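1. After the sequence you'll find the predicted model.
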Amino acid sequence: MADREDTLRENRAAKLARIRANGLDPYPARFHRSYDTATATSLFEELEQNDPAHEKLQNVTLAGRITSIRDMGKAAFLDLQDASGVIQALLRQNNLKDGFDLLKDLDIGDHLGVRGDLIRTRTGQVTIDAMELTVTAKVMRPLPEKRHGLKDVETRYRQRYLDLIANQDEVMPVFVLRSKVVRGIRRFLDDRGFLEVDTPILVPVAAGAHAKPFVTHHNALDQQLYLRIATELYLKRLIIGGFDKVYEIGRVFRNEGIDQDHNPEFTLLESYEAYADYNDVMEMVEQMVSTIAVDVNGSTEVRIGGQVIDFAPPWQRVSLREELQKHSGIDLESFDDDALRQKAGEMGIDTKVLESRGRLVDKLLSTFVEPHLIQPTFVLDYPEDMSPLAKAKPGAPGYVERFEAFAFGMEIANSYSELNDPKVQRERFEDQAEIQRLYENEDVDRQDEDFLTAMEYGMPPTGGLGIGIDRLVMLLAGQPSIRDVLLFPQMRIQQGGSAEENSEE
RNA sequence: GGCCCGCUAGCUCAAUGGCAGAGCAACUGACUCUUAAUCAGUAGGUUCUCGGUUCGACCCCGAGGCGGGUCACCA
């Protein structure tokens, strides 16, 4: 017994067979179009204005996907959608003669090429009056409904192409904006003399951040490798090698949870500039982000989740210690590790899992401070034990020259004056290992011997930066979920019919 | 991982524990300026899965799957 979807596909298969029987190729290798639909429309309107007597744009070919059919027997109106927009086509038996018979074998979703003259209908719509039709690709499955679009978020993410077809006006602009953001970052950095580089994704040590890596294996080397969690240590090797300004925009991978602002793989910008410090980087970040905001939105202001955020520089600068005291009443200097843990517990922080001071401070920060950081804000000067790659802040023992930038309560940038003393760097790695030993559930930065060797050859004073591109795009596109700025967000594999047992843990 | 919510026709959504429905899409027919085309008719269901309660389950209960939210984890 044929179920419904099968019937729909059988109908289309029958039409496909008829098209072939009529000697037409439903999947031709090529089709030339004179313009996309938007260009055709604007050209026509231009001609119309200049010479109202001859307002025809004649004998053009256009192409697109059929999104609507309004059939009136011996004439029909179709909507053809392409990336630039939609144009209406008028099919008339008078003009098409025998070619008109193709209409009964067309479905919503088919790709159709049309040769004809552009006209304006009685109702004033620019329309191609068809003289010849060419099926350029036949659809075999029904498209989502036009009136309500495709709503089911799971289908939208798993079959993004359907989302793009059905919700083109809402979805496409987000990804166009994303592309502009990346282009804008490249232009901004290139203009300042930065060199874009590519460093390894498959690495022997997953260092440069606190995160669980994905593990993989190289057969020929018979060696365990990891997918990188950051680009930091390789980029610093390049600064040591003599490049003054380098950056990489690349995918990094962290084997962690998935939520509104975390995807297992995400796009990270990291830049390193010799003879800069975190103050210089701060200025660069506000310039870069505000410039790009204007590039993509025409304004330094963006609207997201009912808030208006203004990226115009200068951004507010606050110290971590003062800001934490302001919002939680805790002065870090008045608490040793145990006292801080107790205090945090009293204030509702989950301290069941034994955690390092750095982790605790991080939790306090995200619980009490981050939600208040709606407008772009730099939070300065972090405790040393949560920043093993950052340089100590002179005159402030236990603190490093580090900032994070926040907006909409979300971290968007992380930067430090880079630690360049190889001996201190080694000690910091060892401290991390000790933290790992004491607090076994904790992810720490891993020691990279090759990097330490490089550091012993001397790295100039350097300002480093990391920006999560996906989160920046979320802000600039007004999208509160990272899944809506990723074309293909990570999803669990759908299980087939078989009850395959994949029990774990 | 905990908790909450969702899953019904291709799509968008209905349905007191009592025959599972509508709109769009599809199919047949009419219609040469429509645009949510219109008009007449037809067909289409593993109600996510498995089990239970019940005379009777889309609905109640249990287990599981997938998704969303939230907390935890995590930048």
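-> Perfect, I can see it now.
2. how near is A:Met140 to RNA strand B?
-> 12 Å (Cβ to the nearest atom of the strand, to the nearest Å). All C-beta atoms are positioned from the backbone trio N, CA, C, and that covers glycine.
3. I'd like to know how many residues surround that residue.
-> 16 (other Cβ atoms under 10 Å).
4. does the residue lying closest to A:Arg237 once chain neighbours are set aside sit in a helix, a strand or a coil?
-> Distance criterion Cβ to Cβ, 6 or more residues apart in numbering; nearest residue to A:Arg237, sequence neighbours excluded, is A:Ala454 at 4.8 Å. Judged by DSSP: H, G, I helix; E, B strand; the rest coil, the three-state class of A:Ala454 is helix.
5. could you list every residue that touches A:Ala454?
-> A:Lys236, A:Arg237, A:Ile240 (Cβ atoms under 8 Å, 6 or more residues apart in numbering).
6. does the second one sit in a helix or strand, and which one?
-> In this case it means A:Arg237. Secondary structure from DSSP states H and E places A:Arg237 in helix A:232-241.
7. For that helix, C-alpha coordinates in CSV please.
-> Output of helix A:232-241 as CSV, limited to C-alpha atoms (Å, rounded to 0.1, in the frame of the first residue of the first chain):
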residue,chain,number,x,y,z
GLU,A,232,47.4,30.3,19.6
LEU,A,233,50.6,28.4,20.0
TYR,A,234,51.2,28.0,16.3
LEU,A,235,50.6,31.7,15.7
LYS,A,236,53.0,32.6,18.4
ARG,A,237,55.7,30.4,16.8
LEU,A,238,55.2,32.5,13.7
ILE,A,239,55.8,35.7,15.7
ILE,A,240,58.9,34.0,17.1
GLY,A,241,59.9,33.3,13.5
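8. Could you give me the buried positions within that helix?
-> Under the neighbour-count criterion of 16 or more other Cβ atoms under 10 Å, helix A:232-241 has A:Glu232, A:Leu233, A:Tyr234, A:Leu235, A:Lys236, A:Arg237, A:Leu238, A:Ile239, A:Ile240 buried.
9. Could I get the residues you listed in TSV, plus columns for pLDDT and distance to RNA strand B?
-> Rendered in TSV, the data for the buried residues of helix A:232-241 read as follows (pLDDT from 0 to 100; distance: Cβ to the nearest atom of the strand, whole Å):
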residue	pLDDT	distance to RNA strand B
A:Glu232	96	12
A:Leu233	96	15
A:Tyr234	97	18
A:Leu235	97	17
A:Lys236	97	18
A:Arg237	98	22
A:Leu238	98	22
A:Ile239	98	22
A:Ile240	98	25
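10. ok, so of those, who is nearest A:Val353?
-> The closest of those to A:Val353 turns out to be A:Glu232 (Cβ to Cβ; 26.7 Å).
11. Would you check how far apart the nearest residue to the closest one once chain neighbours are set aside and A:Arg251 are?
-> Take A:Glu232 and drop its neighbours on the chain: the residue closest to it by Cβ to Cβ, 6+ apart is A:Gly208, 3.6 Å away. From A:Gly208 over to A:Arg251 the distance is 14 Å, taken as Cβ to Cβ, to the nearest Å.
12. Give me the more crowded residue out of those two.
-> Per other Cβ under 10 Å, whichever of A:Gly208 and A:Arg251 has more neighbours is A:Gly208, with 25 against 13.
13. Tell me where the stretch 1-150 of chain A has strands.
-> With strands called from DSSP state E, counting those that start in this stretch, the stretch 1-150 of chain A shows them at A:57-71, A:75-82, A:85-92, A:111-120, A:126-137.
14. how much does the third one deviate in direction from strand A:75-82?
-> Okay, so that is strand A:85-92. 160 degrees (axes from the mean of the first three to the mean of the last three Cα atoms, to 10 degrees).
15. helices or strands up against strand A:85-92?
-> Here strand A:85-92 touches helix A:37-50, strand A:57-71, strand A:75-82, strand A:111-120, strand A:126-137, going by 3 or more Cβ pairs under 8 Å, 6 or more residues apart in numbering; DSSP states H and E.
16. Name every strand pairing with the third one and say which way it goes.
-> The one in question is strand A:75-82. Taking DSSP bridges as the criterion, strand A:75-82 pairs within the sheet with strand A:57-71 (antiparallel), strand A:85-92 (antiparallel).
17. Just the closest of the contacts of A:Ala454 to A:Arg156, please.
-> Within the contacts of A:Ala454, distances to A:Arg156 taken as Cβ to Cβ reach their minimum at A:Lys236, with 40.0 Å.
18. surely A:Leu233 meets A:Pro204?
-> No - counting by Cβ atoms under 8 Å, A:Leu233 does not reach A:Pro204; the two are 11.3 Å apart.
19. what stretches of the stretch 401-505 of chain A score poorly on pLDDT?
-> Under the criterion pLDDT under 70, the flagged ranges of the stretch 401-505 of chain A are A:495-505.
20. for RNA strand B, what are the nearby residues on it?
-> Within the stretch 401-505 of chain A, the positions adjacent to RNA strand B are A:404, A:411, A:414, A:441-443, A:468, A:481, A:483, A:489, A:491-492, A:494-495, A:497, A:505 by Cβ under 7 Å from any atom of the strand.
21. Show me those residues that map onto strands.
-> Cross-referencing those against strands under DSSP state E gives A:Glu404, A:Glu411, A:Asn414, A:Gly468.
22. Would you mind measuring from the third one to A:Lys15?
-> Relative to A:Lys15, A:Asn414 is positioned 56 Å away (Cβ to Cβ).
23. What of the last one?
-> Between A:Gly468 and A:Lys15 the computed distance is 48 Å (Cβ to Cβ).
24. My guess is A:Thr61 contacts A:Val114. True?
-> Yes - judged on Cβ under 8 Å, A:Thr61 makes contact with A:Val114 at a distance of 6.8 Å.
25. who's more crowded, the two?
-> Legend: neighbour count by other Cβ under 10 Å for A:Thr61 and A:Val114, higher for A:Val114 (24 against 18).
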